[in-house]
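# Got a sequence here, can you build the structure:
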Amino acid sequence: MFNKTTQNTGKIGENATCAFLQRQGFKIIDRNYWKKWGEIDVVAQKGLDLRFVEVKTVVRKGIGKGGDDYEPEDNLHPWKRKRLRRVIETYLLDKRVDDEVDWQVDAVSIYLTPDLKTLKIDHLEDIIL
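Predicted coordinates for the structure are as follows:
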């Protein structure tokens, strides 16, 4: 069960991701596309290609030695990947995306300071589902 702090942290991470992607030349097409079997955090487009972006956000005191070894993308467990694959298939059908459109799944890890300021952003492109 998520509490308000977790939801707030997640929303901050998603906002930071959208701003980051826009600076990289992406257009944000959709956010929080939800079905009972899964959710897509961000759908972005660059050129003709679609990116389905999974956002993982953690709060850290710092980055580097002596820090936590846990990486946000470690939360992309096999069951999460399966759910994501299913919701992407649904999205493509719902939005009538042409079969010729290239797409991929990216993960963005957002590291926030304890006062919820962005510390670091990692963009992992074309992760395997």
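# name the helices or strands packed onto the longest helix seen in the chain?
Taking DSSP state H as the assignment, the helix of the chain that covers the most residues is helix 4-23. Applying 3 or more C-beta pairs under 8 Å, 6 or more residues apart in numbering; DSSP states H and E, one finds that helix 4-23 contacts strand 27-35, strand 38-46, strand 49-59, strand 103-112, strand 118-124. C-beta: built from backbone N, CA, C; applies to glycine.
# Make JSON lines from those strands and add mean neighbour count to it.
Formatted as JSON lines, the helices and strands packed on helix 4-23 follow (neighbours: other C-beta atoms under 10 Å):
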{"stretch": "strand 27-35", "mean neighbour count": "14"}
{"stretch": "strand 38-46", "mean neighbour count": "19"}
{"stretch": "strand 49-59", "mean neighbour count": "21"}
{"stretch": "strand 103-112", "mean neighbour count": "20"}
{"stretch": "strand 118-124", "mean neighbour count": "15"}
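# Neighbours of Ile127, how many?
15 (other C-beta atoms under 10 Å).
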